[in-house]
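J.: sharing a model prediction with you, sequence too.
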Amino acid sequence: MEKSSLHFKLLGTSFSIAADEDTDYLEKLLNKYKNILDNTQKATGVNEALKLAILTGFLLCDEIEKMKQEKKLEGKEAEQRTLNMIARIDEVIPKD
């Protein structure tokens, strides 16, 4: 895949990034980050760019960890359901 690049200004500085994703995807990520950045600023009242970036990064890490935990719980739930179905099948299948 060809690299895409995106140039943007944020928090008083400008960035150019290149990635193995299409430009639409990069813009989607940038918009998500901007939204979370704006929400963080509104919730905390912090206006200093570095502090705001750190807080936003921390909140994004928290979001990722919560999603991982949800997937683990979903996986355990699916495993338990499978074991329950196997147990029920064992109950109805005649044994030799």
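T.: Sure, I can see it. Please read these numbers as outputs of a predicted model, since none were measured by experiment.
J.: low pLDDT regions in this protein?
T.: When residues are selected by pLDDT under 70, those of the chain lie in 1, 96.
J.: again, only using 90
T.: 1-5, 15, 17-23, 25-26, 29, 63, 67-96 (pLDDT under 90).
J.: biggest helix in it, by residue count?
T.: Across the chain, the longest stretch assigned as helix under DSSP state H is helix 49-92.
J.: next one: that helix to chain centre, how far?
T.: 12 Å (C-alpha atoms, centre = their mean, to the nearest Å).
J.: what is that helix packed up against?
T.: helix 23-44 (3 or more C-beta pairs under 8 Å, 6 or more residues apart in numbering; DSSP states H and E). Quick note: C-beta positions are derived from backbone N, CA and C, even for glycine.
J.: and the angle for the helix it packs on with helix 49-92?
T.: Using axes from the mean of the first three to the mean of the last three C-alpha atoms, to 10 degrees, the direction of helix 23-44 lies 110 degrees away from that of helix 49-92.
J.: export helix 23-44 as CSV, just CAs?
T.: Output of helix 23-44 as CSV, limited to C-alpha atoms (Å, rounded to 0.1, in the frame of the first residue of the first chain):
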residue,chain,number,x,y,z
THR,A,23,-5.9,9.8,3.9
ASP,A,24,-9.5,9.4,4.9
TYR,A,25,-8.5,7.1,7.7
LEU,A,26,-5.8,9.6,8.9
GLU,A,27,-8.4,12.4,8.9
LYS,A,28,-10.8,10.3,10.8
LEU,A,29,-8.2,9.7,13.5
LEU,A,30,-7.3,13.4,13.6
ASN,A,31,-11.0,14.4,14.0
LYS,A,32,-11.4,11.8,16.8
TYR,A,33,-8.3,13.2,18.5
LYS,A,34,-9.5,16.8,18.1
ASN,A,35,-12.9,15.9,19.6
ILE,A,36,-11.4,14.2,22.6
LEU,A,37,-8.9,17.1,23.0
ASP,A,38,-11.8,19.5,23.0
ASN,A,39,-13.8,17.4,25.5
THR,A,40,-10.7,17.2,27.7
GLN,A,41,-10.2,20.9,27.6
LYS,A,42,-13.9,21.6,28.5
ALA,A,43,-13.9,19.0,31.3
THR,A,44,-10.7,20.1,32.9
